[in-house]
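Q: Sequence first, predicted coordinates after that:
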Amino acid sequence: MAEKKQPIQKLLIANRGEIAVRVIRACRELGIVPVAVYSEVDRFSRHVLEAAEAVALGGAAPAESYLNIERIVEAARRTGCQAIHPGYGFLAENPDFARACREAGLLFIGPPPESMALVGDKLKARHTVQQAGVPLVPGREVQDADPARLQEIAEEIGFPVLIKAAAGGGGKGMRVVRQAGELASAVAAARREARAAFGNDTVYLEKYIEKPRHVEIQVLADAHGNVVHLFERECSVQRRHQKIVEESPSPALDPQLRQQMGETACRVMQSVGYINAGTVEFLLDEQKNFYFLEVNARIQVEHPVTEMVTGVDLVHQQIAIAQGASLPFRQEQVRQYGHAIECRIYAEDPANNFFPSVGKLLLVREPSGPGIRCDSGIYSGWEVTHHYDPILSKLITWDVDRQGALARMKSALANYVLLGIENPVSFLQALIEHPAFQAGNLHTHFLEEHFSDWQPPVPEEQLPLGMLAAALQERQMRRQVKTGEPAVPTPWQALGRWEMLHRDERSGEN
Ligand code: MV4
């Protein structure tokens, strides 16, 4: 019944940074030739060095490179790729891109464009999942600007209310209104903002949930009607809608609530015709009622915590599903074992209002060991620029329980050497050691409540690590004096002869 598809031999990764490196790894494991694309400031980025081939797209501006549909499709065609993986961000949730791939005969590793478009409209998604009996935050669309009518709607819902843009998502264009008097002007402002940002001024009102948790469910759906969930991720610790720490399981769920939310997430995905890996976001209020928020139609930054507790490689599954494979397991066969936690390493200065930090990475040494995973897009000597999302890498630890995973995270962070730019390593250490974090008392305003004026610890505490880093750097510099090689070798130089042979083989492919 299902059409027989040619296996993918070559796949283009329409992204950069750590997620491009992650997808390249999956390609290598599956015997697929990974092709990178890059902008002019990413010529020496790790994803370019690790791919089998790389195509220059154009200028640093995303519109000239990672957001340029025509150039990316052309790069895939020219290099003989059969498929495109969009990663997250950039074009990952753009239905026009998914359609352009389809029209060019390229397999898009993601959901069908129709389903992507449906969940991209938050109001349409709300209506669709409501029909399927999924719990929603009380709310409704607002059409007219008549202040009396607006107030009627808001009072029906109950203050405080939250204004959201239908085309928004990820927190963009949201506004809290606590009093009736502020309502009309806030709705008008939200509409203007939404029109300017998304070209669509449809807004809706929801009951505002104070101090919620953000709990999301990972789902896999194949093209044959099979849908399974891979349990939850707790993502409450965030700043301005940028997540900082994620974990699975959530300290807030018990087995019964977990099963309810998992089943609900599967129902959501079935109702919107979703195929591939996707995530259903929920808010969990202080009484542990859960409400559907939105669907993320992509692989997410925090997917590794799910991989660590289930043993399922989500990128492998994405590629298999896109090729028409059936899910290799049923719901009863998926287990959530142990506990995983992820810390995001951004090029930002937590002591200075998370100001972006750019410059050359003088030394990068990433931790490894049992239960430690580092998904990284960086290396010693690479230069961080201001052009893109500041995520550098993600550190993920696993152990049989939360305490163990946290202890391992503490030690892994202590072994994460990152010299040359400001970075959040010592902030993350303080965060995971905070009593409220240790107790699992998380909510979306956790950082405002506990870390609004954090400053780095006194230098003495960091002295041993600093001395180690300085010693390593000095050793490298002495080597440079002896051999005349640059102080910071590129991965090509560090790999030596093996990689040279590999490159020769590669040139024979063309
Ligand atoms: C909410 C909410 C409270 N009440 N909706 C932010 C991202 C977007 N997906 C929805 N968001 C929220 N919606 C109601 N009715 C609070 C948030 C919210 C939030 C949600 C998830 C993660 C972090 C957040 C931070 C602030 C607000």
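A: Sure, I can see it.

Q: Pull the distance from stretch 98-115 to the chain's centre.
A: 21 Å (CA atoms, centre = their mean, to the nearest Å).

Q: actually stretch 73-80, not the one I wrote
A: 26 Å.

Q: can you pull the contacts of the nearest residue to E366 once chain neighbours are set aside?
A: In space, and not counting its chain neighbours, E366 is closest to C374: 4.4 Å by CB to CB, 6 or more residues apart in numbering. (C-beta placed from N, C-alpha, C; glycine too.) Counting by CB atoms under 8 Å, 6 or more residues apart in numbering, C374 touches 366-368, 393-396, 416.

Q: swap in G120?
A: Applying CB under 8 Å, 6+ apart, we find G120 in contact with 93, 95, 167, 169, 297.

Q: Partner strands of the longest strand seen in the chain and their direction?
A: Longest among the strand segments of the chain by residue count, using DSSP state E, is strand 227-239. In the sheet, strand 227-239 lines up against strand 213-221 (antiparallel), strand 242-248 (antiparallel) (DSSP bridges).

Q: Could you pull up the mean pLDDT of stretch 202-216?
A: Averaged across stretch 202-216, the pLDDT comes to 94.

Q: quick one: it near the ligand?
A: Yes: judged by CB under 6 Å from any ligand atom, stretch 202-216 comes into contact with the ligand at 206-209, 212, 214.

Q: Restricted to helices, list those.
A: Among these, none falls in helices (DSSP state H).

Q: which of those sit farthest apart?
A: Using CB to CB, the pair of the residues of stretch 202-216 next to the ligand lying farthest apart is K207 and H214, separated by 16.4 Å.

Q: and the residue of the stretch 401-510 of the chain nearest the ligand?
A: T444 (3.8 Å; CB to the nearest ligand atom).

Q: Now do the phi/psi pair for that residue.
A: phi -70, psi -10 (degrees, to the nearest 10).

Q: mind checking how far it is from L284?
A: Between T444 and L284 the distance is 10 Å, computed by CB to CB, to the nearest Å.

Q: anything in contact with each of these two?
A: Common neighbours of T444 and L284 (CB under 8 Å, 6+ apart) are 212-214.

Q: Surely L428 is in contact with L413?
A: Yes: if you go by CB atoms under 8 Å, L428 and L413 touch, sitting 5.7 Å apart.

Q: Between these two, which contacts overlap?
A: Going by CB under 8 Å, 6+ apart, residues that sit against L428 and also against L413 are C343.

Q: Can you name the residues that contact the most centrally placed residue in the chain?
A: With distances taken as CA atoms, centre = their mean, V301 lies nearest the centre of the chain, 2.0 Å away. With contact set as CB under 8 Å, 6+ apart, V301 has these partners: 19, 88, 243, 344, 391, 394.

Q: 10 Å instead?
A: Neighbouring residues of V301 by CB atoms under 10 Å, 6 or more residues apart in numbering: 18-19, 22, 87-89, 235, 242-243, 246, 342, 344, 375, 389, 391, 394.
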